[in-house]
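A.B. asks: Quick one: sequence and predicted model below, then my questions.
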Amino acid sequence: MAEVQMSAWAKDHALSDEVKAFAGKLLDDHTILADQLRSVAGHDATAPIADLDPKDALEIDRQKTLEPNILDRAYMREVMKWHLREAEAYRREIEAGKNETLRAWASRMLAEIQNHIRDGEDTERAIGMEVETAKAVLPPPKS
């Protein structure tokens, strides 16, 4: 939810076309991902958390106060950090989750999150950021 909210803001307020495009892709992909998760959770009588983490909500509010030339880098830094947390959460679910349906879904989604991380690194390079890569959490790209 946090990525969807922050990506919606960045899509409309970022300075660079690269960041706007990346934010738009995340907005679309994470909206679909959230819908799928609700569907998976609904089948198993569990529900995803409906509220934002208070720290994430504060960060979104902070980002909304930034000038566009600062927003691009701040958004990319934060959204990449969130993706790394997501990748690790999916990995934990795949390895230790007790719900088979959720484990299977997490396995399918991990590849999507890893693609987002790679795309984010490309976007960071395009806007002149030094990339703090997540190579340790990513498998090599498919050739």
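C.D. replies: On my side now, so go ahead.
A.B. asks: Report the central residue of the chain.
C.D. replies: With distances taken as C-alpha atoms, centre = their mean, the residue of the chain nearest its centroid is residue 83 (4.2 Å).
A.B. asks: Spit out the contact partners of that one.
C.D. replies: 3, 113, 116, 117, 120, 134 (C-beta atoms under 8 Å, 6 or more residues apart in numbering). No exception for glycine: its C-beta is placed from N, CA and C like everyone else's.
A.B. asks: ok, residue 1 touching residue 52?
C.D. replies: Yes: here residue 1 reaches residue 52: they are 5.6 Å apart, a contact under C-beta atoms under 8 Å.
A.B. asks: more crowded one of these two?
C.D. replies: With neighbours defined as other C-beta atoms under 10 Å, residue 1 and residue 52 compare such that residue 1 has more, 17 against 14.
A.B. asks: can you pull the pLDDT of that one?
C.D. replies: Note on residue 1: pLDDT of 79.
A.B. asks: again, but for residue 88
C.D. replies: Predicted confidence (pLDDT) for residue 88: 94.
A.B. asks: Distance-wise, check residue 94 relative to residue 27.
C.D. replies: Remark: distance between residue 94 and residue 27 (C-beta to C-beta, to the nearest Å) = 25 Å.
A.B. asks: which strands and helices sit next to the helix or strand hosting residue 103?
C.D. replies: For residue 103, the host element (DSSP states H and E) is helix 100-126. Packing partners of helix 100-126 (3 or more C-beta pairs under 8 Å, 6 or more residues apart in numbering; DSSP states H and E): helix 17-43, helix 68-96.
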